[in-house]
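Chemist: from the sequence below, what's the structure:
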Amino acid sequence: MDGSPEARKVRSRRRSRRGRRRLFIVAGVSTLLLFGVLLFVFLRPGPGPSLIQSSGRGTSVSRSARANPDLVPREARGEYDRRVRGDRLYVIRGKVANAGKIHRGGILVAAALLDHHGKVVAEQAVRAGNVLPADTVRNIDPETVFTALRAGGNKRQSLRAGNSIPFMVVFFDPPEKIGSFQVTCFNTD
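Modeler: Okay, here's the model as predicted:
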């Protein structure tokens with residue numbers, strides 16, 4: 001080993017280059033990891049912020065959602081029914097038609113029960129395309145029905161222009177007398 005000043009300078013430069021190379025590799029790997037975490041957090045698939053809000057009176061659509069005039073409720077009919085336990089139900093069934101010219105997805109249907117003075121007495125919001133058989137609604141607990149009708153994620157239905165999909169809104173323990181109901185459709189995608 002040469003102990004001359006020149007040999008020490010050469011060894012020092014080699015160590016310095018190795019240190020810079022390691023620092024560059026560590027910085028690059030750290031940047032890639034950070035970028036991956038950010039992509040996972042912000043771009044992962046999922047329903048995103050929910051536009052369906054729950055309250056003591058039922059569920060409703062967030063105030064930030066806007067009704068889509070291209071999504072038209074059709075053949076909506078409401079009727080009283082009874083559960084096996086004897087509780088009253090009010091079920092609204094119908095179809096949502098896409099009267100627009102572009103494909104729609106993530107369709108919410110909001111229904112409101114009105115009294116004879118036009119005042120909202122109950123409201124619910126569900127995803128279009130989620131429909132249960134009448135016997136199922138009569139026999140299972142309300143929370144399971146609500147969960148099934150509000151299901152999002154992979155169960156979201158999409159709707160091409162000119163087509164329609166069914167919807168179902170269920171009210172458990174509705175008021176004795178309902179004057180009318182109102183159905184509004186929202187596009188969340």
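Chemist: what about the chain, any weak spots by pLDDT?
Modeler: 1-3, 10, 14-16, 19, 32-68, 152-157, 189 (pLDDT under 70).
Chemist: so which residues of it form helices?
Modeler: Remark: helices assigned in the chain by DSSP state H are 5-43, 134-139, 142-150.
Chemist: chain center to the last one, what's the gap?
Modeler: What it means is helix 142-150. Its chain's C-alpha centre and that of helix 142-150 lie 14 Å apart, by Cα atoms, centre = their mean, to the nearest Å.
Chemist: in this protein, which spans are strands?
Modeler: When secondary structure is read from DSSP state E, the chain shows strands at 52-55, 58-61, 71-82, 88-98, 104-105, 107-114, 120-127, 158-159, 164-172, 180-187.
Chemist: adjacent strands (with direction) for the fourth one?
Modeler: Sheet pairing of strand 88-98 (DSSP bridges) gives strand 71-82 (antiparallel), strand 164-172 (antiparallel).
Chemist: mind putting those strands into TSV with mean neighbour count?
Modeler: Using the backbone N, CA and C atoms, a C-beta is placed for each residue, glycine as well. Shown next, in TSV, are these (neighbours: other Cβ atoms under 10 Å):
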stretch	mean neighbour count
strand 71-82	14
strand 164-172	21
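Chemist: include distance to residue 119 when you put these into TSV, please.
Modeler: Shown next, in TSV, are those (distance: least, Cβ to Cβ, whole Å):
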stretch	distance to residue 119
strand 71-82	17
strand 164-172	15
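Chemist: got the domain ranges for the chain?
Modeler: 1-44, 52-187 (automatic domain parsing).
Chemist: so which of these is the most packed in?
Modeler: Mean neighbour count (mean count of other Cβ atoms under 10 Å) peaks for domain 52-187 among the domains of the chain, with a mean of 16.
Chemist: ok now it, how far from the chain's centre?
Modeler: 15 Å.
Chemist: my guess is residue 122 contacts residue 176. True?
Modeler: No: counting by Cβ atoms under 8 Å, residue 122 sits too far from residue 176 to count as a contact (11.9 Å).
Chemist: quick check: end-to-end length of stretch 141-161?
Modeler: Terminal residues of stretch 141-161 are spaced 36 Å apart (Cα to Cα, to the nearest Å).
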